[in-house]
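Trainee: what would the 3D arrangement of this be:
(chains A, B, C and D)
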2 protein chains.
Amino acid sequence: MLEKGRKMKTTTIKDIAKKLVISFSTVSRALSNDPVVNVKTAHRIKQMAAEMDYTPNLAARGLVRGKSEAIAFISTRFAAPFISNVLDSFEQRAFYTNRYVHGISPYSTRNEEELKELLLKRILRSKMADAVVMLTIKPREETLKDFNAAKVPVILIENAMKGAHSITINNQSGAEKAVNHLLDGGRRNIGLIIGETMQPPSRDVNAAAVERKLGYVAAHEKRGLHIKDNNIEVIHAYIYEEGKKALDNFLKKPVKPDAIFCAAGDIVAMGVLERADELGIKIPGDMAVIGYDDVLAARHLNPPLTTVRQPLEDIGTMAFDMAIEAIDGKLKKDKNVVIDPELIIRESA
Amino acid sequence: MLEKGRKMKTTTIKDIAKKLVISFSTVSRALSNDPVVNVKTAHRIKQMAAEMDYTPNLAARGLVRGKSEAIAFISTRFAAPFISNVLDSFEQRAFYTNRYVHGISPYSTRNEEELKELLLKRILRSKMADAVVMLTIKPREETLKDFNAAKVPVILIENAMKGAHSITINNQSGAEKAVNHLLDGGRRNIGLIIGETMQPPSRDVNAAAVERKLGYVAAHEKRGLHIKDNNIEVIHAYIYEEGKKALDNFLKKPVKPDAIFCAAGDIVAMGVLERADELGIKIPGDMAVIGYDDVLAARHLNPPLTTVRQPLEDIGTMAFDMAIEAIDGKLKKDKNVVIDPELIIRESA
DNA sequence: TTGTACGCGTTATCAT
DNA sequence: ATGATAACGCGTACAA
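Mentor: I've put the predicted structure just below:
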């Protein structure tokens, strides 16, 4: 009977050693499948361990091993479909390949530079991960160097740095495809809705936004077309209300757009569609609309949304495989994979 | 210069003690703001710590403290909008109240009973969390007892158990509201699409599905209405393809439904809508459709989807506050909050 | 094959 | 106010 008020006693290797009247190092060895231990005693030990409901203390193990059998997955937030889907397939891959099944540690930085750096420092310092995957964001140069020195591989998704492996999506190409489609359809005054392309204070730059804007510009320039001033609406929170607001803003301008490329994503594009409907603007008759992401609902919208698709599941899977390769030391130099997004043409443009 | 090949040296309290020629216990005290240390030396220590870029090793700390300054958030998977949104608001609340800012540890069990139990055991054994929040799933009775004995609070969302705090959504009420609306509109042959209500082997029961089915039945019975046999389609993966398939199955039956209540969620309902469109079935003319969840896209569908809404943000916030209260010992007995979902009437029914 | 002794980085409890 | 020392639970050279 346990004395009440006392701490619950959890069984340690010492406990099971005492019970079996052997040294706890033998227990330790048996439990980590060290072949040197006598098969019979090993069996006895394992049986007793199961019986006493033994579970290793990960903190202690991590402390002595300097490893923690985990992969850190760091992004800005969990609710974004882009992020949660990549994370999901990442984790699914772990499950499928039976490696790091319990060891995916998701973190979110809420897009705060400082939080991110502190987190990275902790992960490194406390050996909380055998590899770090970062989605959307990237570490400071100096921080990356620390990881390199500690030989903890870093995998970047949507960013690339020297000293890190990476999976990048050709955002410029994606944007060009979208804008070209609009241009081909005869549209000549294309409004762009996009996230911040300037580094906000104490926050991370949005590399994707920068590149997509580049694509928007490039598509015009390659045809010798001039981009109208004030044809860009910048959004911040990536919520659909911003789409409604953006459309309102566009309509206040002297020359109204005949098309909108919502590089800020389908969610925001939904707002555009809704506002257009409220205002009686016909899509694509009066105005064509293209989104970005191809969220699940895109094909079910009214009208079905033309959008740029990124293979999220593949990205998650590839990132996991890349992390494993890196951990296993199979990657001598930086590995960089570039993915080309695809334009899904539906009815909105 | 670091010798190459050697492990990167991360600074510990011993290092900074050596540098300052004082004992490391003083350093430890200073760093944890123990008021007994001389203010001057404390200042020197902190300064040096910052200079040497010191970060505490959480594994070591956790080992001796038996606490880890973290809250575990356990669910089945990350990609489901329901889950990722609750998690997001949960974490946002942590950020907002400035508690456990870095300490939300999300885990997913992929709906595997065994994984879940192993995970719980580990969390308890390795003191990986000061509290555990479980979304959608719940622990075994015995496991919960272990948590109680260890005084680690457990907060259940969508489930309730003796010995755990809980936030439940009145799923039966939500389903009844939906079905009543259909009945009020004159529909008399209402098909139900729902997740598995039987305990699948080695997986968790879906309590929500069970309750919603109850609501579906109750709504009929309260009006003395008879439910047609074979009017239920069971789905498993909660993907929209299953919605298409379900509609096909309904249409094969002798008596075709004049309404469908898709208690399996809006995503699946999208599949129903899509298939109906392909088949030329008019919604809501030929057939009314009600979903569940009120996902972001629901209002933008064609037609806009009538659905049952659960206040996800509130749930996440409440769960966090409840966890904090429990950790702070302010909850003497089980706290149970029940949330009543709301029917959002749009055009599809 | 098994046991002994030590260290991982902290915090906590003694002294001083 | 500070220092020495003992844990925390585990892994691992080294000795036996």
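Trainee: in the helix or strand hosting A:Val234, what's buried?
Mentor: Under the criterion DSSP states H and E, the helix or strand holding A:Val234 is strand A:232-235. Within strand A:232-235, the residues scored as buried using 16 or more other C-beta atoms under 10 Å in any protein chain shown are A:Ile232, A:Glu233, A:Val234, A:Ile235. Where C-beta positions appear, they are placed from N, C-alpha and C, glycine not excepted.
Trainee: in contact with the last one, which residues?
Mentor: Contact criterion C-beta atoms under 8 Å, 6 or more residues apart in numbering or on different chains gives A:Ile193, A:Ile194, A:Gly195, A:Glu242, A:Gly243, A:Ala246, A:Ala264, A:Val268 as the residues in contact with A:Ile235.
Trainee: so of those, which ones are in strands?
Mentor: A:Ile193, A:Ile194, A:Gly195 (DSSP state E).
Trainee: who does the last one form a beta bridge with?
Mentor: Here A:Gly195 shows beta-bridge partners A:Ile235, assigned using DSSP bridges.
Trainee: and A:Asp130, how close does it get to A:Ile327?
Mentor: 5 Å (C-beta to C-beta, to the nearest Å).
Trainee: quick check: neighbours shared by the two?
Mentor: Any residue near both A:Asp130 and A:Ile327 by C-beta under 8 Å, 6+ apart counts here, and that gives A:Ile71, A:Pro153.
Trainee: ok so, going back, which one (most neighbours) among the ones in strands among the contacts of A:Ile235?
Mentor: Ranked by the number of neighbours (other C-beta atoms under 10 Å in any protein chain shown), these place A:Ile193 first, at 28 neighbours.
Trainee: where's it relative to chain B, distance?
Mentor: 16 Å (C-beta to the nearest C-beta, to the nearest Å).
Trainee: circling back to that earlier point, pLDDT added to the buried residues of strand A:232-235, as CSV?
Mentor: As requested, the buried residues of strand A:232-235 are exported to CSV (pLDDT from 0 to 100):
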residue, pLDDT
A:Ile232, 95
A:Glu233, 96
A:Val234, 95
A:Ile235, 95
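Trainee: residues in contact with the residue nearest to the spatial centre of chain A?
Mentor: Centroid check for chain A by C-alpha atoms, centre = their mean gives A:Leu135 as the closest residue, at 3.3 Å. Contact analysis of A:Leu135 by C-beta under 8 Å, 6+ apart lists A:Phe73, A:Ile74, A:Ser75, A:Thr76, A:Ile83, A:Val86, A:Leu87, A:Ile157, A:Glu158.
Trainee: got it, and A:Gly195?
Mentor: Taking C-beta under 8 Å, 6+ apart, we find A:Gly195 in contact with A:Asn206, A:Ala208, A:Ala209, A:Val234, A:Ile235, A:His236, A:Tyr238, A:Ala263, A:Ala264.
Trainee: rerun that using 10 Å as the cut-off
Mentor: Residues near A:Gly195 by C-beta atoms under 10 Å, 6 or more residues apart in numbering or on different chains: A:205-206, A:208-210, A:212-213, A:234-238, A:242, A:263-265, A:268.
Trainee: repeat that for A:Glu242.
Mentor: So A:Glu242 contacts A:Ile193, A:Gly195, A:Glu233, A:Val234, A:Ile235, A:His236, A:Cys262, A:Ala264, A:Ile267, A:Val268, A:Gly271, A:Val272 (C-beta under 10 Å, 6+ apart).
Trainee: and A:Pro303, by the same measure?
Mentor: A:Leu273, A:Lys282, A:Ile283, A:Pro284, A:Val289, A:Arg346, A:Glu347, A:Ser348, A:Ala349, B:Asn302.
Trainee: find me the pLDDT at the second one, would you?
Mentor: It refers to A:Lys282. A:Lys282 is assigned a pLDDT of 96 by the prediction.
Trainee: and the contacts of A:Gly195, which are buried?
Mentor: A:205-206, A:208-210, A:212-213, A:234-235, A:238, A:242, A:263-265, A:268.
Trainee: which positions in chain A make contact with DNA strand C?
Mentor: A:22-26, A:29, A:36-38, A:41-42, A:60, A:63-64 (C-beta under 7 Å from any atom of the strand).
Trainee: please list which of those residues also come close to DNA strand D.
Mentor: Answer for those near DNA strand D (C-beta under 7 Å from any atom of the strand): A:Phe24, A:Ser25, A:Arg29, A:Ala60, A:Leu63, A:Val64.
Trainee: dump these into TSV; add distance to A:Tyr107 and neighbour count as well.
Mentor: Compiled in TSV, those are given as follows (distance: C-beta to C-beta, whole Å; neighbours: other C-beta atoms under 10 Å in any protein chain shown):
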residue	distance to A:Tyr107	neighbour count
A:Phe24	34	15
A:Ser25	35	12
A:Arg29	34	18
A:Ala60	23	16
A:Leu63	21	19
A:Val64	24	8
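Trainee: pick out the most distant pair among these.
Mentor: Farthest-apart pair in these is A:Arg29 and A:Leu63; separation 18.4 Å (C-beta to C-beta).
Trainee: just to revisit the earlier point, which of the ones next to DNA strand D among the residues of chain A next to DNA strand C lies closest to chain B?
Mentor: A:Leu63 (4.6 Å; C-beta to the nearest C-beta).
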